[in-house]
Every structure is written in C-alpha cells, then in structure tokens.
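Novice: I would like the atomic coordinates for the input below:
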Amino acid sequence: MRVAIIHYWLVGMRGGERVLERLLSLYPQADLFTHVYDPAAVSERIRAHKVTTSFIQDLPFSSRLYQRYLPLMPRALETFDLTGYDLVISSESGPAKGVIPPPTGKHVCYCHSPMRYLWDHHAQYGASAGALAKLGMGLFFNGLRIWDVTSAARVDAFAANSNFIRQRIKKYYRRDAEVIHPPVDVALFGPRGEVEDRYLWVGQLTSYKRPDLAVEAFNKLKLPLLVVGAGEMEAELRRKAGPNITFVQRMNFDELRQAYARARALVFTAEEDFGIVPVEAIASGRPVLAYGRGGALDTVGDGVSGLFFDEASSESLAEGVERLEAWLPHFDPTASRATAERFAPEHFDRAFLDLVGRA
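Specialist: Predicted structure coming up:
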C-alpha cells in the first residue's frame, strides 16, 4: 500500500510532530508532504522519510515566517501530485487536509485542531496583530474560511484528538469525527522520591496558555510555585512574580520528569486542544488542577487525578488551589496514575488502524 502523509509544516518537534512520528511507525513506507521543512529541527525518524515540500519552501525566510504565507497554502496543497497513493493521511492544525486525493484512495484526517486563527481565536489574534497583519486578515481570511470548509469534503474520515476538537469539527465543518487521543509514552513517567510543597506550571510563556493566572494567584496565596518555560511573556511575569515563584526556562527530559514527580500538584491554566502536560503529570503520580475547558476534560478525572477551576481568572484559580489542598489527603497516586494508561501509544495505534480500515 502506498501511503502519503501530509503535515502542515516541519520546523520543530511539538505535540503534532510526536503524533506524526507514531503515524510513521504505523506506516514506515509513507512519503511525507509539507509546506516547509527544516531537517535540523525534526527527529531522525522524520528525516528518514522522503519529504516533498510545496513552493512555500522556496519563498523568502520560509522556515521562520511560514505562517505569513497562509493565504498561499491552499494553492500550494493543491499542487501536490498524489497520483497512485492508496492512503492519504492529513495531519491538520495548519492547512493540510486541503490536498486533492486520488479518486480511488482513502483520505483520513487526524485533526489536532481546526485552524484557530481562522475560527474561534480569530478575534484574539486580530486584537494582538499589527496593522499589516490586520489588513491581511481582512483581505484573505473570509476566503480561507470558505476554502477550509469546502476542503473538508475531500476527507473520508476525521479523527479528533479530543472531544473538544470533535465538537469544533462538528461546528465548523459539519462533519462527525472519532476521538483518538494522541499517543503519550506514559511508561517513561512515574513516582520519584519525596514530594515537595512546591506547585508546578509547565508550558510556553505565551498569552493563550495563561501563565499570568498562575503568577497572580500564587502571588496572593504566597505558596511556592515553579514555572518551567520560556516565551514572550517571561520578562513581564518575572517582574510581577513574588519571591515564592521560581522560573526555569528549560529542563532536560530527566529534570522535567523529576519536577513532575516531586510537585505537590501541576497547575494547568490553558484551554488546550488536548494538552500532553497534564497526562505526563498524572503518569508521574501527581494530581492536576486544570482549567475546566478544552482537552483537560478528557485527560483529568475530576476527584481522581485532579480537580478543575471554573473561570479563567486568578481568583477562580486561587479558590481551586484551596479546594485542592483540602482534597489532597484523599488523593490516591496509584489510582490516578492508572487513568493515564489509556493514553499509551498502543491505544492510539489500534484506534487509528481501525478507523482507516472502516474509512
């Protein structure tokens, strides 16, 4: 069987690329197609495959400014020649599903998210955009939304990485999707040594992940908090943070595993499409206090592996921490960790192969 996998862009290793690696393990014969490819920024497993890029690759500064070329990507996708492929898999977060599949081939889309900047986060992106970007959004985004909806008809079966994304696929594309959670190598995580009094926050210090809520809440609570991550909000957050809050820009994998396992609890403030960080914390035997929206509703078991706070405010988060403190004596690390096993890679493999077989 000839297999083509279309991934939006290959310029780093994040959650979408980890899913791509797993797809490549299922289909080691697959050829890769993408808009922009930086071999130095991806894993050896990805580099081992034939990669075909669109004409976006040849545009100025494409590996850094690829998102600026979004209006050209529908045309770029439609120039890929997929003649002779029996199975086309699109890995969608940026534009990927808009390829033209061969008439006799299956097209399965694994959707990490419908493009947020076109849909539910459109107003937020517009509010923070510069004058030129706002002009481009006004000129092109209506046409891109029309193309995004019509290109969904080229897909035979959708998989969503969470129930949250399944709902968004239904809302914007009017298509059903099967929830197949991303693979998380939970076997790499587990309890380690003594648990500390310090809470943990992990992620990019960028606005949509809401690290500001954690800093503001723990300033009020005066409880110790470790913030792991870097981003454009770092300088501002460091200025605001009290002495009880520590910042670390990056950790190696073993250091991060230690941080998860020794944290009093993980604080998760983002409305994520899925969110691997809570799963890694739960697999480490520690509870999660999560914002009660998005993918966290799939990953955090209320009253088993953690609790939720209801509003995206520091007041609601602080109240959640107080409830968590009262609940912690009842927390069972073994029972909590068992809930993380449903995200193990073999579950992803079985579910995805089954979907392809039924498409």
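Novice: and residue 192, how many residues sit next to it?
Specialist: Neighbour count for residue 192, taken as other Cβ atoms under 10 Å: 15. (Glycine included, C-beta is placed from N, CA and C.)
Novice: which stretch of helix or strand covers residue 237?
Specialist: Assigned by DSSP states H and E, residue 237 belongs to helix 234-240.
Novice: after that helix, which helix or strand is next?
Specialist: Following helix 234-240 toward the C-terminus (DSSP H and E): strand 245-248.
Novice: strands paired with that next one, and their directions?
Specialist: strand 225-228 (parallel) (DSSP bridges).
Novice: where are the low-confidence patches of this protein?
Specialist: Counting by pLDDT under 70, the chain shows low-confidence ranges at 121-130, 132-139.
Novice: outside of the helix holding residue 237, which residues touch it?
Specialist: Residues from elsewhere that reach helix 234-240, judged by Cβ atoms under 8 Å, 6 or more residues apart in numbering: 205, 211, 212, 215, 216, 219, 227, 247, 249.
Novice: kindly report the domain assignment for this protein.
Specialist: 3-183+344-358, 186-342 (automatic domain parsing).
Novice: what is the end-to-end distance of the shortest one?
Specialist: So the one you mean is domain 186-342. This stretch, domain 186-342, spans 9 Å end to end (Cα to Cα, to the nearest Å).
Novice: ok, the first one next?
Specialist: Its start and end residues considered, domain 3-183+344-358 measures 16 Å (Cα to Cα).
Novice: how many other residues sit next to residue 93?
Specialist: 22.
Novice: which strands or helices does the helix or strand hosting residue 255 pack on?
Specialist: Element membership for residue 255, per DSSP H and E: helix 253-262. Contact analysis of helix 253-262 by 3 or more Cβ pairs under 8 Å, 6 or more residues apart in numbering; DSSP states H and E lists strand 199-202, strand 225-228, helix 276-283 as its packing neighbours.
Novice: who's in contact with the first one?
Specialist: Counting by Cβ under 8 Å, 6+ apart, strand 199-202 makes contact with 211, 214, 218, 223-229, 256, 259-260, 263-269, 277, 281, 286, 321, all of which sit outside it.
Novice: which positions in that strand come out as buried?
Specialist: 199, 200, 201, 202 (16 or more other Cβ atoms under 10 Å).
Novice: out of the residues you listed, which comes closest to residue 173?
Specialist: residue 202 (31.6 Å; Cβ to Cβ).
Novice: distance of that closest one relative to residue 92?
Specialist: Separation of residue 202 from residue 92 (Cβ to Cβ, to the nearest Å) stands at 25 Å.
Novice: filter the contacts of helix 234-240 down to the buried ones.
Specialist: 205, 211, 212, 215, 216, 219, 227, 247.
Novice: the fourth one: which element?
Specialist: Going back to what we said before, that points to residue 215. Counting by DSSP H and E, residue 215 is part of helix 211-221.
Novice: and that helix, how far out from the chain middle?
Specialist: 24 Å (Cα atoms, centre = their mean, to the nearest Å).
Novice: same thing with stretch 268-280?
Specialist: 8 Å.
Novice: ok, now stretch 257-272?
Specialist: For stretch 257-272, the distance to the chain centre is 16 Å (Cα atoms, centre = their mean).
Novice: pull out the buried residues from it.
Specialist: So, applying 16+ other Cβ under 10 Å, buried residues of stretch 257-272: 257, 259-272.
Novice: ranges for the strands of the stretch 251-359 of the chain?
Specialist: If DSSP state E, counting those that start in this stretch is used as the criterion, the strands of the stretch 251-359 of the chain fall at 266-268, 288-291, 306-309.
Novice: other residues contacting the last one?
Specialist: Translated: strand 306-309. Outside strand 306-309, the residues touching it (Cβ under 8 Å, 6+ apart) are 265-266, 278, 282, 287-292, 296-297, 300, 302, 316-317, 319-320, 323-324, 327, 336.
Novice: can we see that at 6 Å?
Specialist: 287, 288, 289, 290, 292, 300, 316, 317, 320, 324 (Cβ atoms under 6 Å, 6 or more residues apart in numbering).
Novice: again, but for the shortest one
Specialist: Counting by Cβ under 6 Å, 6+ apart, strand 266-268 makes contact with 199, 200, 201, 214, 278, 281, 288, 289, 290, all of which sit outside it.
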